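Enquirer: pasting the structure only:
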């Protein structure tokens with residue numbers, strides 16, 4: 001279970017002071033060019049979006065790369081990053097708030113600007129509702145989740161996995177471009193131009209997905225847990241149910257029977273798992289589903305595919321940052337994987 005906030009913060013600060021007493025604080029911004037605004041984002045999807053907008057006018061650094069935001073507790077080097085940043089951008093909506101709030105409480109950067117993208121999305125959503133436009137945000141489950149490493153995490157009333165929908169990513173792009181223009185008005189035109197270009201790529205991504213999936217006769221799937229609601233909404237996929245009631249917690253026999261009944265009713269032929277979780281529960285469901293289909297069922301009648309929630313990314317060799325095109329590449333890969341196996 002997670003340590004309490006005060007203990008983490010005290011340990012965090014003590015270790016930072018210890019490092020400061022022993023050696024010079026490392027410069028985490030060595031790749032930034034003179035004059036560039038320094039933008040720190042919490043995790044890789046925000047890196048790709050912000051980098052596309054920033055161009056050469058700002059340097060973007062991702063706090064997290066190989067570890068996902070759900071299970072992260074913080075490290076002393078976080079403060080070395082934020083203490084020299086001009087802007088901190090995070091997702092919010094209960095995804096990364098905990099460790100970002102610890103950073104915000106511990107840093108000494110009086111000139112730091114902060115952007116909570118989730119809060120801005122909520123405001124955009126309110127405006128859409130007033131205009132009788134479809135909402136951008138989907139409901140979360142509000143449940144406490146047990147993740148793969150045993151850590152506890154609670155999603156709020158709004159599903160935080162907003163980056164997995166191109167429509168939502170467009171709104172995120174507009175929000176980030178506006179903030180960059182606010183803190184760096186001399187480069188406003190460049191930020192707006194590049195944001196427009198990236199929005200065009202996001203629209204093309206949605207059209208690509210729609211075209212790849214439009215002729216599929218059965219778009220019903222089950223997922224490992226509820227991370228892909230925005231993805232499903234954007235590409236007209238129906239998520240019938242999820243294997244794990246809570247991430248990291250396998251279903252009990254009653255839930256398994258309910259899940260299999262739904263799979264039979266909706267003729268589910270694709271089970272989507274995520275790379276950080278074991279295939280074991282999905283293999284068990286697949287085996288049981290094949291038995292329920294009957295003796296004529298073939299192994300290939302039910303497929304297990306891997307959909308990446310994009311919460312982690314490897315860094316480019318010799319650099320501190322991921323591939324800037326990581327988001328678009330991974331989203332296309334998810335679409336292609338799904339299109340290949342849907343009947």
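Expert: Yep, it's here. Remember, predicted model here, so these are calculated numbers, not experimental data.

Enquirer: Tell me which stretches of the stretch 51-200 of the chain form strands.
Expert: With DSSP state E, counting those that start in this stretch as the criterion, the stretch 51-200 of the chain has strands at 58-62, 87-90, 113-116, 144-146, 152-154.

Enquirer: which regions of the stretch 1-150 of the chain lie under the pLDDT threshold?
Expert: Along the stretch 1-150 of the chain, segments meeting pLDDT under 70 span 1-25, 141-150.

Enquirer: which residue ranges form the helices in it?
Expert: Counting by DSSP state H, counting those that start in this stretch, the stretch 1-150 of the chain has helices at residues 5-22, 44-54, 76-82, 97-106, 117-130.

Enquirer: Also compute the angle for the fourth one relative to helix 117-130, please.
Expert: Here helix 97-106 runs at 120 degrees with respect to helix 117-130, directions being taken by axes from the mean of the first three to the mean of the last three C-alpha atoms, to 10 degrees.

Enquirer: List the buried residues of helix 97-106.
Expert: 97, 98, 99, 100, 102, 103, 106 (16 or more other C-beta atoms under 10 Å). In this view, the C-beta of every residue, glycine as well, is placed from N, C-alpha and C.

Enquirer: go on, the last one?
Expert: Of the residues in helix 117-130, those with enough neighbours to count as buried (16+ other C-beta under 10 Å) are 117, 118, 120, 121, 124, 125.

Enquirer: ditto for the third one
Expert: By neighbour count, and taking 16+ other C-beta under 10 Å as the criterion, the buried residues in helix 76-82 are 76, 78, 79, 80, 81, 82.

Enquirer: Show me what that helix is packed against.
Expert: On a contact count with 3 or more C-beta pairs under 8 Å, 6 or more residues apart in numbering; DSSP states H and E, helix 76-82 meets helix 5-22, helix 97-106.

Enquirer: Not counting its neighbours along the chain, what's nearest residue 238?
Expert: Excluding the flanking residues, the one nearest residue 238 by C-beta to C-beta, 6 or more residues apart in numbering is residue 220, at 4.8 Å.

Enquirer: Quick check: that neighbour touching residue 266?
Expert: Yes - at 4.4 Å, residue 220 and residue 266 qualify as touching, with contact defined as C-beta atoms under 8 Å.

Enquirer: Neighbour count for the two, which is higher?
Expert: Per other C-beta atoms under 10 Å, whichever of residue 220 and residue 266 has more neighbours is residue 220, with 20 against 15.

Enquirer: residue contacts, residue 97?
Expert: Contacts for residue 97 (C-beta atoms under 8 Å, 6 or more residues apart in numbering) come out as residue 90.

Enquirer: Try it again at 6 Å.
Expert: By C-beta atoms under 6 Å, 6 or more residues apart in numbering, residue 97 lies in contact with nothing.

Enquirer: next one: residue 334
Expert: Shown in contact with residue 334 (C-beta under 6 Å, 6+ apart): residue 307.

Enquirer: pLDDT value on it, please?
Expert: The per-residue pLDDT reported for residue 334 equals 98.

Enquirer: Specify the local secondary structure of it.
Expert: Following DSSP: H, G, I helix; E, B strand; the rest coil, residue 334 is assigned to helix.

Enquirer: how much space between it and residue 95?
Expert: The gap separating residue 334 from residue 95 is 19 Å, by C-beta to C-beta, to the nearest Å.

Enquirer: Mind jotting down where the helices sit in the stretch 151-300 of the chain?
Expert: Using DSSP H, counting those that start in this stretch, helices in the stretch 151-300 of the chain cover 166-183, 188-213, 229-234, 253-265, 280-293.

Enquirer: got CSV for those helices, with distance to residue 325, mean pLDDT and mean neighbour count too?
Expert: Converted to CSV, the helices of the stretch 151-300 of the chain look like this (distance: least, C-beta to C-beta, whole Å; pLDDT from 0 to 100; neighbours: other C-beta atoms under 10 Å):
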stretch, distance to residue 325, mean pLDDT, mean neighbour count
helix 166-183, 14, 98, 21
helix 188-213, 10, 98, 17
helix 229-234, 18, 98, 20
helix 253-265, 36, 93, 14
helix 280-293, 29, 93, 16
